[in-house]
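1. Here is a sequence together with a model predicted from it:
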Amino acid sequence: MKIRLKFIICALCILSTTACFRTNGTADLGHLGKHNQIFNFAGVEDLHKFLTYSDKRVPLVSAHRGGPDLDYPENALETFQRVAYKTPSIIECDIALSKDSVLVLMHDETLDRTTTGKGNTIHKTLEELKKLRLKDTQGNLTSYQIPTLEEALAWGKGKVIFTLDIKRNVPYRLVVDAIRKTHAEAYVALITYNVNQAALVNNLAPDLMISASIRNADDLIRLNDADVPDTRILAFIGTKEADRQLTDLLHQHGILCILGTMGNLDRQAETRGDQLYAEFIERGADILSTDRPVQAAKSLQYYIRKRGLSSPYID
């Protein structure tokens, strides 16, 4: 009897160890559960139409780094899902590269601030990265893992729109390949910081949406001269409100304007009241890139109801 009991305990230990090894090697995302569809895009053309300006457009929040909060780390699928449950959202997340050339979600070059690891992300294999756990905004340890880009894209279909911030030394080609592999074209835009980057992305994947930095009319002209079409552009207009002449010009070209409220404008809203988010929309912004997506969304939901706005692409 004792021998049999020892055998059972040994077998359970082996199974437990094997299960842990599998989880570390390939993320088990079953704990995220089912999620109703939010965005209804039949294909990439629907995304283009949805992200084209009209006076009936539905304003959106873009959750900066996925919308981290207490118990919810940045660039974590669990954090993305928390935001997506509360409001139709754009998820802005950061793409880094592992030692074995796997695309993962990570903002910093080093692992120290946001994980239980140390050193540079690029010096760790995916297997090593999957053994780490993510920390929340207060530095508290969570049970969540670093996701791969492919895991995030596979999860996000119908749930969110991604804007992908591609970190230094990450080839755009690898990101485009991951988008193609997961058939994510209809819910992704790539972030660029200058005309050369925007032109490169457009040449690699002319069907994809591009978030381009546009601070004045000359920036738009340079993008047009580089053959980046207006129909593929989202304009990031900065972290302070732009001149109304610029937003009007962009709207005339059918281009939506992303205002970065993370930082000073978020602090203003927190101090003066969240209705300020709706005022940003009233004054020309269309998408708010914010560190307070839940609070901003509540303000925009009131704005949307008051004006009777809707979209056939939001369920």
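-> That came through fine.
2. Contacts only, for residue 105.
-> Residue 105 makes contacts with 66, 75, 76, 93, 94, 95, 96, 146, 147, 148, 149, 152, as judged by CB atoms under 8 Å, 6 or more residues apart in numbering. C-betas here are computed from N, CA, C, even on glycine.
3. So what's the residue count around the fifth one?
-> So the one you mean is residue 94. For residue 94, the count of nearby residues is 21 (other CB atoms under 10 Å).
4. backbone phi and psi for it, please?
-> In terms of degrees, to the nearest 10, the main-chain angles of residue 94 are phi -110, psi 140.
5. returning to that earlier point: out of the contacts of residue 105, which is most surrounded?
-> Using other CB under 10 Å as the neighbour test, the contacts of residue 105 are led by residue 66, with 31 neighbours.
6. Quick check: buried residues in stretch 179-198?
-> Of the residues in stretch 179-198, 179, 182, 184-192, 195, 197-198 count as buried by neighbour count, 16 or more other CB atoms under 10 Å.
7. The residues you listed in strands, which ones?
-> Among the buried residues of stretch 179-198, DSSP state E puts 188, 189, 190, 191 in strands.
8. So which residues of the stretch 201-315 of the chain form helices?
-> 217-225, 244-252, 264-272, 275-282, 293-307 (DSSP state H, counting those that start in this stretch).
9. Compute the mean per-residue pLDDT across the first one, please.
-> Mean per-residue pLDDT for helix 217-225: 98.
10. now do the fourth one
-> Here the mean pLDDT over helix 275-282 is 98, rounded to a whole number.
11. Tabulate the CA atom coordinates of it in CSV.
-> Extracted in CSV, the C-alpha atoms of helix 275-282 (Å, rounded to 0.1, in the frame of the first residue of the first chain):
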residue,chain,number,x,y,z
GLN,A,275,-15.7,65.6,-19.0
LEU,A,276,-12.5,67.2,-20.4
TYR,A,277,-12.0,64.1,-22.6
ALA,A,278,-15.2,64.9,-24.4
GLU,A,279,-14.1,68.5,-24.8
PHE,A,280,-10.9,67.2,-26.5
ILE,A,281,-13.1,65.4,-29.0
GLU,A,282,-15.3,68.4,-29.5
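12. one step back: can you put the helices of the stretch 201-315 of the chain in CSV and add mean neighbour count and distance to residue 81?
-> CSV is the format used below for the helices of the stretch 201-315 of the chain (neighbours: other CB atoms under 10 Å; distance: least, CB to CB, whole Å):
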stretch, mean neighbour count, distance to residue 81
helix 217-225, 16, 34
helix 244-252, 16, 32
helix 264-272, 15, 22
helix 275-282, 19, 22
helix 293-307, 19, 13
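13. Out of those helices, flag the one nearest residue 136.
-> Set against residue 136 and scored by CB to CB, the helices of the stretch 201-315 of the chain come closest in helix 293-307, at 15.1 Å.
14. Tell me what angle that closest one forms with helix 275-282.
-> When axes from the mean of the first three to the mean of the last three CA atoms, to 10 degrees is applied, the directions of helix 293-307 and helix 275-282 differ by 60 degrees.
15. Centre of the chain to helix 293-307, how far?
-> 20 Å (CA atoms, centre = their mean, to the nearest Å).
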